[in-house]
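after the sequence you'll find the predicted model.
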Amino acid sequence: MALGGGFGAGGRAPVVVVMGPSGSGKTTVGGLLAAELGVRFVDADALHPPANVAKMATGAPLDEADRGPWLEALRGELEAMVAAGRGGVLACSALRRSHRARLGVPGVAFAYLKAPPETLRRRLAERAGHFFPAALLDSQLEALEEPEGEGALTLDATRPPGELAAELARAFGAPAPRAPGGDRPEAVIFCGAQASGKSSFYAARFYDTHVRINLDMLRTRHRERLLLGACLEGGQPFVVDNTNLTPEDRARYVAPARARGFRVVGYYFASRLADCLARNAGRPPARRVPDAAVRGALGRLRLPAPAEGFDELYYVRLEADGHRVETWRDEG
């Protein structure tokens with residue numbers, strides 16, 4: 001099964017799986033590569049079901065029964081990327097040949113980040129805020145079947161992440177395009193309580209053009225920093241789809257984006273308690289948040305202001321027929 005080669009031609013954007021054990025740098029390199037190519041980035045760890053995350057957090061390795069539904073979800077992501085023709089990058093361990101066979105959708109290339117065990121252990125010891133315990137590395141190394149003879153591109157993962165991403169970009173595609181409508185890439189910052197319509201607005205307006213940075217999906221600030229850094233480094237347009245309730249919350253993204261020359265655009269989502277509680281109650285059980293969390297968010301909420309560093313600021317109201325976007329005004 002040939003898994004690499006032949007991408008970046010014929011107008012089709014590449015779809016690449018960046019693989020390797022924990023600590024190999026696949027999330028960092030994958031995010032940088034996606035920014036270089038101007039394509040969507042998916043971290044496979046964000047698609048683990050909660051039961052898998054809880055199991056790994058206790059120090060217990062996953063078995064093949066645990067991985068089955070996860071691998072099917074990842075294959076679905078890759079199939080969607082290929083079918084859409086817009087490209088994408090998936091960071092995934094893909095340790096076994098059988099795992100790669102399940103992910104081996106026609107039109108997908110693999111890149112393997114190879115590092116000595118001592119390098120992996122050192123990186124994991126230095127990493128904070130991640131659910132994967134360093135003690136599980138040995139089980140990953142035992143499971144690892146290197147992709148020899150499979151057509152994967154193998155790189156020395158001890159090299160700087162930026163160098164690795166640049167080499168992969170040369171191998172698989174072209175530099176990232178700038179955001180439509182100007183030379184400056186766009187950083188979009190959402191602000192609003194839970195269930196105010198932020199994620200559905202991203203899906204409707206930005207899915208095809210901007211990387212989504214969402215703490216609920218990424219689960220840790222460590223992963224968020226990696227993905228944000230990759231977008232800033234590569235000039236990749238992005239959306240921060242978090243509540244971002246206070247000026248301090250928003251400054252975490254506004255300041256570095258402005259420093260890198262991004263055009264910073266804010267969207268405030270009308271956040272009235274009754275509306276948010278009603279929409280939250282209508283969510284699937286797995287996506288609901290406690291009503292107390294919504295009330296707490298509204299207690300902390302401070303309206304954004306142009307003086308925070310926004311180049312443009314908009315007000316969004318979720319209505320029965322969709323999102324209505326208006327020029328900025330104070331909420332009455």
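Structure's in. What do you need?

ok, residue 297 to residue 304 distance?
Per C-beta to C-beta, to the nearest Å, residue 297 is found 15 Å from residue 304. For glycine as for every other residue, the C-beta is placed from the backbone atoms N, C-alpha and C.

these two: who's more crowded?
More neighbours surround residue 304 than the other of residue 297 and residue 304, with 27 against 20 (other C-beta atoms under 10 Å).

surely that one touches residue 264?
No: Residue 304 is not in contact with residue 264 according to C-beta atoms under 8 Å; the separation is 10.7 Å.

anything in contact with each of these two?
Residues touching both residue 304 and residue 264 (C-beta atoms under 8 Å, 6 or more residues apart in numbering) are 189, 310.

let's verify residue 187: helix, strand, or coil?
With DSSP: H, G, I helix; E, B strand; the rest coil as the basis, residue 187 sits in strand.

was I right about it contacting residue 263?
Yes: here residue 187 reaches residue 263: they are 7.1 Å apart, a contact under C-beta under 8 Å.

compare these two (neighbour count), which wins?
Neighbour totals were compared for residue 187 and residue 263, and residue 187 leads with 30 against 19 (other C-beta under 10 Å).

apart from its neighbours in sequence, what residue is nearest the more buried one?
Nearest-residue entry for residue 187: residue 257, 3.7 Å, with adjacent residues in sequence omitted and distances by C-beta to C-beta, 6 or more residues apart in numbering.

isn't that neighbour right up against residue 235?
No: using C-beta under 8 Å, residue 257 is not in contact with residue 235, being 10.9 Å away.

those two: which has the busier surroundings?
residue 257 (25 against 20).

can you pull out the strands in the protein?
For the chain, applying DSSP state E gives strands covering 15-19, 40-43, 88-92, 108-114, 153-156, 186-191, 211-213, 238-240, 263-269, 312-319, 322-327.

enumerate every residue touching residue 168.
Residue 168 neighbours (C-beta under 8 Å, 6+ apart): 16, 18, 29, 33, 36, 111, 153, 155.

least confident of the residues you listed?
Lowest pLDDT within these is found at residue 36 (81).

skipping its backbone neighbours, what lies nearest it in space?
Leaving aside its sequence neighbours, residue 36 sits nearest to residue 169 (C-beta to C-beta, 6+ apart; 3.9 Å).
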